[in-house]
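S.K.: what follows is a predicted protein model with its sequence.
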Amino acid sequence: MALEFKTRTQVVVEAIRSQILSGQIKAGEPLRQAALAEQLNVSRIPIREALLQLEAEGLVKFEPHKGATATEISPELIDELFELRALMEADLLARSIPLLTEDDFTRAAQTLEQLETALQSPDHADVWSALNTEFHSCLYKANRPQSIEIVGNLNKNADRYIRMHLQFAGGIKKASSEHQRLLDLCRKGDIKGACHELTSHILHAKDEIKQFLMKHASN
């Protein structure tokens, strides 16, 4: 496998994104470019470029007279992100199922096994998130590049909430069985059943995340 070359900006993007998604950088916390540059041992140029990319992903917000901050967690945003995911991903899945091959199902099953192993380790949120995205991506084979790009961006924006679901809101208990049912329905060519399972999977996660946030907001 060829090694992936990463620019300095890409490395900085990943470092800051990881700190935001892990909670090391709190929602609403100012992102001081000078401090980040010193911490990551780079100039301010890749920091600025990274913050602009993270703004496009919905993790950073620029405000007049305040600069960049990590975006606040928003129940309204959760609704929008997950409902858009449900619509877009169900459409992609419906178009993809007739195109899926045995190799695709094998890769999805192998990813599911890796995800199952990772789900047993509470400290591996980064692995969960990447494998969760990889599993879903295995099933999206339709020639819809714009849709796939939009879904990718939606998943980046939803990533902090997906991690929250897996770590704190009970998602670990349900993710494995829901993924397996989805894969089985895709193997059978049951487009309607698979799309219903996928939509339920995404929207149930949304509801559980919102319940978790409401519970902790009231404490």
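M.R.: Now that the structure is in, tell me what you want to look at.

S.K.: report the distance from the helix or strand hosting Leu183 to the chain centre.
M.R.: Leu183 belongs to helix 171-188 when assigned by DSSP states H and E. Counting by CA atoms, centre = their mean, to the nearest Å, helix 171-188 is centred 17 Å from the centre of its parent chain.

S.K.: list the buried residues for it?
M.R.: Buried residues in helix 171-188, counted by 16 or more other CB atoms under 10 Å: 171-172, 174-175, 178-179, 181-183, 185-187. All C-beta atoms are positioned from the backbone trio N, CA, C, and that covers glycine.

S.K.: show me what it packs onto, helices and strands only.
M.R.: Judged by 3 or more CB pairs under 8 Å, 6 or more residues apart in numbering; DSSP states H and E, the packing partners of helix 171-188 are helix 102-118, helix 145-167, helix 191-217.

S.K.: for the longest one, packing partners?
M.R.: Read it as helix 191-217. Applying 3+ CB pairs under 8 Å, 6+ apart, we find helix 191-217 packed against helix 75-96, helix 145-167, helix 171-188.

S.K.: in contact with the residue nearest the centre of the chain, which residues?
M.R.: Among the residues of the chain, Asp159 comes closest to the average C-alpha position under CA atoms, centre = their mean, at 3.1 Å. Applying CB atoms under 8 Å, 6 or more residues apart in numbering to Asp159 gives the contacts 21, 129.

S.K.: same check on Ile45?
M.R.: Taking CB under 8 Å, 6+ apart as the definition, Ile45 has no contacts.

S.K.: rounded mean pLDDT for the helix holding Leu183, please.
M.R.: Throughout helix 171-188, pLDDT has a mean value of 86.

S.K.: and if you look at stretch 17-31?
M.R.: Here the average pLDDT along stretch 17-31 is 82.

S.K.: still on that earlier bit, with mean pLDDT added, can I get the helices and strands packed on helix 171-188 in CSV?
M.R.: As requested, the helices and strands packed on helix 171-188 are exported to CSV (pLDDT from 0 to 100):
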stretch, mean pLDDT
helix 102-118, 91
helix 145-167, 83
helix 191-217, 87
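
S.K.: so which of those helices is nearest Pro30?
M.R.: Nearest to Pro30, of all the helices and strands packed on helix 171-188, is helix 145-167, at 17.9 Å by CB to CB.

S.K.: only alpha carbons, please: show the closest one as CSV.
M.R.: C-alpha atoms of helix 145-167 as CSV (Å, rounded to 0.1, in the frame of the first residue of the first chain):
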residue,chain,number,x,y,z
PRO,A,145,-19.8,11.9,-7.0
GLN,A,146,-21.5,15.1,-5.8
SER,A,147,-23.8,13.1,-3.5
ILE,A,148,-20.9,11.2,-2.1
GLU,A,149,-18.9,14.4,-1.5
ILE,A,150,-21.9,16.0,0.2
VAL,A,151,-22.4,12.9,2.4
GLY,A,152,-18.7,13.0,3.3
ASN,A,153,-19.0,16.6,4.4
LEU,A,154,-22.2,15.9,6.4
ASN,A,155,-20.4,13.0,8.2
LYS,A,156,-17.4,15.3,9.0
ASN,A,157,-19.8,17.8,10.5
ALA,A,158,-21.7,15.1,12.4
ASP,A,159,-18.5,13.3,13.6
ARG,A,160,-18.4,14.9,17.1
TYR,A,161,-22.1,13.8,17.6
ILE,A,162,-21.4,10.3,16.2
ARG,A,163,-18.5,10.0,18.7
MET,A,164,-20.8,11.3,21.5
HIS,A,165,-23.4,8.7,20.5
LEU,A,166,-20.9,5.8,20.6
GLN,A,167,-19.1,6.9,23.8
